[in-house]
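Engineer: model the following, please.
(one chain, ligands or ions: 1)
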Amino acid sequence: MNIKKLIDDLTIDEKIGQLLQLAPFFFVEDLDVEIFGHVQALHLNKEKIFQAGSVLGNNNATEMIKVQKRYLKESRHKIPLIFMADIVHGFKTIFPVPLAMSTSFNPRLVYEAARIQAKEARVSGIQVTFSPMADISHDPRWGRVVEGFGEDPYLTSEFTRASIKGYQGVDLSLHDSIAACVKHFAAYGASESGRDYNTADINHISLYNIYLPTYKAAVDAGVKLLMTAFNTVDHIPATVNEFLLRDILRKQWHYKGVVISDYDSLHQVIKHGVAKNDEEAAYLGLKAGLDIEMQSTAYVNYLESIINKHPDMMKLLDQAVYRVLKLKKELGLFKDPYAGADPVKEQAIIRQKNHLDMAEQVAMESMVLLKNNNHLLPLDKQLTYALIGPYSETKRTNGPWAGHGDNALNHTLNETLSKEGVQIIFNKATETPVFSQAEIKQIKMADILLIALGENEYESGEAHAKAHIKLPRNQEKFMTFAKQLKKKTITLLYHGRPFDLTNIMDTDALLDVYYLGSRAHEAIAKTMVGKHNPSGKLTMTYPKTAGQIPIYYNHLNTGRPKEPDIMNEYVSFYLDEDNEPLFPFGFGLSYATFEYSNLVIDKIKFNQNEAVCVSIDIANNSNYDGYETVQLYIRDLVGLYARPVKELKAFKKVWIAAHHKQTISFELTYKDLTYYDIKGNRRLEPGEFQIIVGPNSRDTQTMIIELIKENFHDIKQ
Ligand code: GLC
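Structural biologist: Numbering: from 1, shown residues only. The predicted structure is shown next:
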C-alpha cells in the first residue's frame, strides 16, 4: 500500500474524515433517523460519517465486523476504519488496577498482563487501546490516580515501557497485538485541588523532571499514539499546545506516531477561552499538530474552509492523514480490514484459564501489607472468623475502567477463604455496624473480625475527585464496634486512591487490596492463609490528613526544613499535624522479616567515565520465604537548581528464602545523576551525592559519594 499515493487520491473531505473519530452507533443505526440528537448536534450527515477514520469504544467482534462491513460498503475510498477503546487493565480478563500493579515493583507482570489484554481485545475487534496512563500525581483527591503507576517518574516510566511493549508485541499486524496510546499529554496529574479537568500550573523544572519523563519513556518505547490532556500547560490547552505537540514531541523527542485528542477536548478549547468557536479551535489544533479529533467535529466542519483560507496548511493536513494511514497499514488493516476480529475465536480466547491464572499471579504481587501486629496474618485455621463491613460480600473487584469485564463472574472473599479452609462463622455486608442481637451473638463467637472497608469503583477514576479522603460513609465505626466487642481485627481495604487511614490504625492487621480484578479474592485468600507472602510496596504516599496534600517523597528541602528533634518554630511545619505521611512511598511489609546491613560503595570519588557499585546485605530472619524490593535513591546535595531530598533511581525485587541472606548490588553511572534544567537540557553537576538504600523511602541507610571534575565532558542531550 503506497500511502502517499492513497492520500493524493483522496478529496479534501476524505482527508479530513480520516481525522474524525465517532462511537460505533453512528455507523449502524438508521442514519435517516436522528440518533439521540448527536448527528444534529455534531452537525454531521451521512456522507461525513462514512468518511470518518476511526471508531471509539466498540465491544466485540460481531459489532466491529458489522460496522466495518457497512462502512466499506458506503465509503468511496474503502479505507478501513480503525477501532479504539479503553483497555486499561483488562478486556474480559481483568487485572488489578494500574496503581495496584505498580505496587508489585515488577514491570514484567504488567508486560504479561498487557500481552493478554492485547490478545483478548484484538480478536474482539479492537486495534488500539487508550493505555497506559503515564500521568504523575501527588494528590489522592484526584480520582484518576487509580489509573496510573504512582507518584514516581522513574517507576512509572518502567511500568509505562513494559505496558507498551506488552500491548504492541513485535509486529502490530499480528493478531496478538494492539497499538498503545500513552496519555494524557501532558501533566494531567497536576490538576489543581485534585479536581478532574482542572488547571495544571507547573513550572518548567517540574515539567521536565517530574511530568514529562514518563511520556518520553513511552515515545522511546515506540508507542504508536499519544493522547492530549484536558488541562492547560503554560495556560494553553494541551490539545492545541504547540510547545508540547511540536517543540517537545516532534522536534525534541522525534515522535512519529499519531496524536489524538481526549474526548471532545478540541471543542473544549472554547471553554478554556483560547478559541472563540470551533473554527478557531480547528485552526489551532491543526497548527499545533493534533491528528485525530475524538468525538467532536471542529475538524470535519471547519478544516476545509480553514485550508481554503490558508492553503499552506494543506501540508499539515496531509502529514496528519499520513500518520493515521501509516498506523492502519502497520495494523494490517489494508490487508485484512477485520484485523483478526472473529466471534468464534473470541469465545475461545477471552477469559481462558491461563489468562485468569496470570490475573491471579499479578494480583498476588499487587497488594500491600501495611500492618500485622501479633502476626494475625497468615490466618490461623484453628481459629474462627467473622467477615463484616460493606465489602465483605462484594464481587465488585474489577475497579474503574473495566467496562468490558463482568464483576458477576468474580468470587466473594467468603467463598475463597472457605475454600482455603478458613472457618468463617459469620458473614454479612452492611454499610454500618448495625446488627441484630442474634447476629452480634454470632459475631462474638468468632475469635477475630475480618473487616472489608473502602470505596466502590465509582468513587475513583475519571470525574470522581474527592475533597475528603477518609473512609467514606463513616466506615470507621466498624473499628469502634470491634473495640466494644474487644475483638482483634484484620482490615482489608478496597479502593482506588490513598486514604487518610488515621482513624482505623487501631486495627491489628491491615491489608491493602485496591481493586485486584477477576481473581482478586482467590489471590487475597491465598495470601491471607500464607500460601503467598505479600510483597507489594506503596507507590503513592499515604497522608495522615488531606490537609497535607500535596505530599510526596521526592520533595525539595526548602530553606527552613523541619529537622527532627530540633525545636524551632520558624521552619516549614504545621501547628496541628506533623509533616510525615502515615505511610511513605515504597512502604510495604511481608510475613518475613528482612534486615538490611553492610551498605558498601566501591569508590567514594569517581569521574564521569566510571561506574559506582553499591551493595547491601539483606537477611531474611523469619520462617517465611518471600520477595523483598530493595530501593536505591540518590540526593544531589548541591545543584544549580534546588534538588529533591531523594529520587528513586533503581530497585530490585529479590526472592530470599527463610533464614537466608543475600547481597544485592546496583551499578550507578553519571547518567543516573543527571536532571533537566529549565530549558529541558540535561544537566550533570560535579559534587557530592547521597546514596540512599532501603526497603522504602523512609527507613534507609546512606553514604556520600563525589563526582569529580576530572574527565568531565558535556553530556548527550
Ligand atoms: C476520557 C478519558 C480518556 C479516555 C477517553 C476515551 O474522557 O479522559 O482517558 O481514554 O475519554 O474514553
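
Engineer: put the alpha carbons of the helix or strand of the chain with the lowest mean pLDDT into PDB.
Structural biologist: Counting by mean pLDDT, DSSP states H and E, the chain has its least confident helix or strand at helix 38-41, which shows a mean of 72. In PDB, the C-alpha atoms belonging to helix 38-41 read as follows (Å, rounded to 0.1, in the frame of the first residue of the first chain):
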ATOM      1  CA  HIS A  38     -26.000  13.500  18.200                       C
ATOM      2  CA  VAL A  39     -25.900  13.700  14.400                       C
ATOM      3  CA  GLN A  40     -27.600  17.100  14.500                       C
ATOM      4  CA  ALA A  41     -25.700  18.400  17.500                       C
END
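
Engineer: report the distance from stretch 650-657 to the chain centre.
Structural biologist: Chain-centre distance of stretch 650-657: 23 Å, with CA atoms, centre = their mean, to the nearest Å.

Engineer: flag the shaky bits of this protein, pLDDT-wise.
Structural biologist: Along the chain, the parts satisfying pLDDT under 70 run over 29-38.

Engineer: neighbours of residue 5, how many?
Structural biologist: By other CB atoms under 10 Å, the residues close to residue 5 number 8. (Glycine included, C-beta is placed from N, CA and C.)

Engineer: buried residues in the least confident helix or strand of the chain?
Structural biologist: residue 39 (16 or more other CB atoms under 10 Å).

Engineer: elements contacting the next helix or strand after it?
Structural biologist: Scanning forward in sequence from helix 38-41 by DSSP states H and E, the next helix or strand is helix 46-49. With contacts taken as 3 or more CB pairs under 8 Å, 6 or more residues apart in numbering; DSSP states H and E, helix 46-49 sits against helix 12-17.

Engineer: and the contacts of the helix it packs on?
Structural biologist: Helix 12-17 is touched from outside by 7, 47-48, 51-53, 76-77, 299-300, 303-304, 307, 314, 317-318, 321, with contacts defined as CB atoms under 8 Å, 6 or more residues apart in numbering.

Engineer: roughly how far apart are the closest residue to the ligand within the stretch 101-250 of the chain and residue 225?
Structural biologist: The stretch 101-250 of the chain approaches the ligand most closely through residue 130 (3.4 Å), counting by CB to the nearest ligand atom. With distances taken as CB to CB, to the nearest Å, residue 130 is found 8 Å from residue 225.

Engineer: quick check: domain ranges of this structure?
Structural biologist: 3-346, 358-548, 594-707 (automatic domain parsing).

Engineer: sorry, back to before: buried among the contacts of helix 12-17? Need that as a selection in ChimeraX.
Structural biologist: Selecting only the buried entries of these in ChimeraX, with 16+ other CB under 10 Å as the criterion:
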select :7,48,51,52,53,299,300,303,304,307,317,321
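
Engineer: just checking, residue 326 touches residue 2?
Structural biologist: No: assessed by CB atoms under 8 Å, residue 326 is found out of contact with residue 2, at 11.5 Å.

Engineer: show me what contacts residue 6?
Structural biologist: Residue 6 neighbours (CB under 8 Å, 6+ apart): 77, 79, 325.

Engineer: now name the helix or strand holding it.
Structural biologist: helix 3-8.

Engineer: next: residue 184.
Structural biologist: strand 179-185.
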